[in-house]
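J.: got a predicted structure plus its sequence, pasted below:
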Amino acid sequence: MKAKGHVFKYGDNVDTDVIIPARYLAIQDKKELSQHAMEDIDKDFVKNIKPGDIIVAGKNFGCGSSREHAPIVIKESGVGCVIADTFARIFFRNAINIGLPILECPDAAEAINAGDEVEVDFDTGKITDVTTGKVFNAQPFPEFMQKIINSNGLVGYIND
Amino acid sequence: MGMTMTQKILAAHARLDKVEAGQLIEAELDLVLGNDITTPVAIDVMKGIKNESVFDKDKIALVMDHFIPNKDIKSAENCKCCREFAAKHEITNYFDVGKMGIEHALLPESGLTVAGDCIIGADSHTCTYGALGAFSTGVGSTDMAAGMATGKAWFKVPSAIKFNIVGKPGKWISGKDVILHIIGKIGVDGALYRSMEFTGEGIKYLNMDDRFTIANMAIEAGGKNGIFPVDDIAVEYMKSHGSRPYKVYEADSDAVYDEEYTIDLSELRPTISFPHLPENTKTIDEIKEKIEVQQAVIGSCTNGRISDLRVAAEIIKGNKIADNVRCIVIPATQKIYLKALEEGLLKIFVEAGAVVSTPTCGPCLGGYMGILAAGERCISTTNRNFVGRMGHTSSEVYLASPAVAAASAVKGYIAEP
């Protein structure tokens, strides 16, 4: 499985309140909810994002609330992958559980620039910055988590 | 190599003699928790699980607390969805208006969380129950759904940071100052993926409400859980709040910790987290400028317990809330509300010009009941001060203890109790 798109870049500690503000949490419709993705950190995100685009961020991405609405709106808005230096642990679990591709790669998180075209190969963990020609290797997932990912999330894994 | 307290609880719930940091395990759950924001998402997820029934109707707690009494039609629909689910599956521990409280104050108070438990909750502050010596951690709605269906959850066994608490705290120093000091020291990702294990002779000076506050904010340091040893104070609390049998686990003497810190309570000063991260801490002595506030919130799962209200009332008694400040007091549960009423605390608040609300998470997450306009500042006993957390993206939240929040509400600017 691969993802290819342009990069939206953010800093450290992007919290779940800016990913999806609590004032929208009563909305259950995922499409409607995703109209507010990243609204409090990047008000033009929804307007500019194209299917397959990639978020690159610093440390502790998704810190704060346990709201699964956060990875849901990122996935629904068409993001193909989130690459970060580190992820907050609940966001990490939630992303794996709902099938939003994420990769931890400090080198890529630092070197990749906003707007770069990036290609990600999930099978090998290889991240290629097509714009600069740089290549990075993300940490592979443990076998157990890879099984959840291959089942399209935790529900698929349980049903299997 | 020995195990930490957290590792021992996880090993027992995975039916293993031993676990090591980094190991992936499947653990049996004593309680699965959800609220009115996260449960509807979990209910939707459950529709996709082949066996749509719940594993144990007595081991699920659904607490309507974030947007209730409902603030709008959508939040009312969400509660209705939870209510119907609870009725359909005969969930024993369903808490609605009139019986509810903020989940992390309500569940320990109701005797539903005890030492030795393994608990997941679809709310990040589920780590609160570590105060009683339980392993408890926040998860998302899909984990909650899987937990409700199977009674199990997968975990990566965490390593731990040890906090050795020593010394005796000063008059106005509370659990909030302890945890804000720690977060200021290690940062908002300082305990990422790890346990925060609190120990030491100074713990005896921290009452249960202080400990709940400290464990509650482990997540604000990125921690998987925060946990306290089970001493006489914890045992007394559990005995007076329920009858469920508890089990005491102790860290091995040769348990290995990634890092160790000593926190001397006698050296702590009232501590405030500046916008927009809980790690941006300053002591009251380090604040040289006059920081005016337009709102003060005293409440939340972090600081809406009876000790918190007593401290706030002690400071507010005989004073008036400053003219330019809206002071909102939110007892965390119905029982706390009633106790505060009986003790005359609510009268003190109302006479001073504060308002007293029904239990709700409300303003903490910018839901309702105290939203900030552009450029406004709030001194708050809540747990997060991210951009836009309590309202407009240009508003500011300063996190502090009930003592500092009360003193600031009276003065009109961030002030020492």
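T.: Structure received. Numbers count the residues shown, from 1 in each chain, chains lettered A, B, ... in the order given.

J.: output the contacting helices and strands for the helix or strand bottoming out on mean pLDDT in chain A.
T.: Across the helices and strands of chain A, mean confidence by mean pLDDT, DSSP states H and E is lowest for helix A:143-150: a mean of 85. Counting contacts by 3 or more Cβ pairs under 8 Å, 6 or more residues apart in numbering or on different chains; DSSP states H and E, helix A:143-150 is packed against helix A:89-98, helix A:154-159. All C-beta atoms are positioned from the backbone trio N, CA, C, and that covers glycine.

J.: mind checking those helices for the one nearest to residue B:348?
T.: The closest of those to residue B:348 is helix A:89-98. By Cβ to Cβ, the value is 38.2 Å.

J.: what's the angle between the closest one and helix A:143-150?
T.: 50 degrees (axes from the mean of the first three to the mean of the last three Cα atoms, to 10 degrees).

J.: and chain B, is helix A:89-98 touching that?
T.: Yes. Judged by Cβ under 8 Å from any Cβ of the partner chain, helix A:89-98 comes into contact with chain B at A:89-90, A:93-94, A:97-98.

J.: dump these into CSV; add neighbour count, distance to residue B:83 and pLDDT as well.
T.: As requested, these are arranged in CSV below (neighbours: other Cβ atoms under 10 Å in any protein chain shown; distance: Cβ to Cβ, whole Å; pLDDT from 0 to 100):
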residue, neighbour count, distance to residue B:83, pLDDT
A:89, 26, 31, 96
A:90, 30, 26, 97
A:93, 28, 27, 96
A:94, 30, 25, 97
A:97, 26, 25, 95
A:98, 21, 25, 95
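
J.: which SSE is immediately downstream of the lengthiest strand in chain A?
T.: Ranked by residue count, the top strand of chain A under DSSP state E comes out as strand A:2-9. On the C-terminal side of strand A:2-9, the nearest following helix or strand under DSSP states H and E is helix A:16-19.

J.: where does the chain dip in pLDDT?
T.: No chain specified, so I'll use chain A. Across chain A, nothing is flagged by pLDDT under 70.

J.: other chain: chain B
T.: If you take pLDDT under 70 as the line, chain B has no such spans.

J.: ok so, going back, next one: the least confident helix or strand of chain A to chain centre, how far?
T.: Here the centre of helix A:143-150 is set off from its chain's centre by 17 Å, with Cα atoms, centre = their mean, to the nearest Å.

J.: with only the CA atoms kept, save it in PDB.
T.: Provided in PDB are the C-alpha atoms of helix A:143-150 (Å, rounded to 0.1, in the frame of the first residue of the first chain):
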ATOM      1  CA  GLU A 143       3.500  -7.800  14.100                       C
ATOM      2  CA  PHE A 144       0.400  -7.600  16.300                       C
ATOM      3  CA  MET A 145      -0.300  -4.000  15.300                       C
ATOM      4  CA  GLN A 146       0.400  -4.800  11.700                       C
ATOM      5  CA  LYS A 147      -2.300  -7.400  11.900                       C
ATOM      6  CA  ILE A 148      -4.800  -4.800  13.100                       C
ATOM      7  CA  ILE A 149      -3.700  -2.500  10.300                       C
ATOM      8  CA  ASN A 150      -4.100  -5.300   7.700                       C
END
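
J.: how about it: buried residues?
T.: By neighbour count on 16 or more other Cβ atoms under 10 Å in any protein chain shown, the buried set for helix A:143-150 is A:145, A:148-149.

J.: same question, stretch B:185-198
T.: Buried, per 16+ other Cβ under 10 Å, within stretch B:185-198: B:186-198.

J.: now do the contacts for residue 157.
T.: Just so you know, I chose chain A. The contact partners of residue A:157, by Cβ atoms under 8 Å, 6 or more residues apart in numbering or on different chains, come to A:147-148, A:151.

J.: you answered for a different chain; I wanted chain B.
T.: Contacts of residue B:157 by Cβ under 8 Å, 6+ apart are B:7, B:10, B:19-25.

J.: what do you get for residue B:172?
T.: B:270, B:311, B:401, B:403-404, B:416-417.

J.: so it sits in a helix?
T.: No. Going by DSSP: H, G, I helix; E, B strand; the rest coil, the assignment for residue B:172 is coil, not a helix.

J.: returning to that earlier point: so which elements touch the longest strand of chain A?
T.: Packed next to strand A:2-9, using 3+ Cβ pairs under 8 Å, 6+ apart, are strand A:54-57, strand A:117-121.

J.: of all the ones you listed, which one is nearest residue B:159?
T.: That would be strand A:54-57 among the helices and strands packed on strand A:2-9, by Cβ to Cβ, at 24.4 Å.

J.: ok, the helix or strand following the closest one near chain B or not?
T.: Using DSSP H and E, the helix or strand that follows strand A:54-57 in sequence is helix A:69-76. Yes. Contact between helix A:69-76 and chain B, assessed by Cβ under 8 Å from any Cβ, occurs at A:69, A:71-72.

J.: which one of the residues you listed is nearest to residue B:208?
T.: Looking across the residues of helix A:69-76 next to chain B and measuring by Cβ to Cβ, the closest to residue B:208 is residue A:69, at 32.3 Å.

J.: the residue nearest to the closest one when sequence neighbours are not counted and residue B:129, how far apart?
T.: Spatial nearest neighbour of residue A:69, excluding adjacent residues (Cβ to Cβ, 6 or more residues apart in numbering or on different chains): residue A:20 at 4.8 Å. In this view, residue A:20 and residue B:129 are 26 Å apart by Cβ to Cβ, to the nearest Å.
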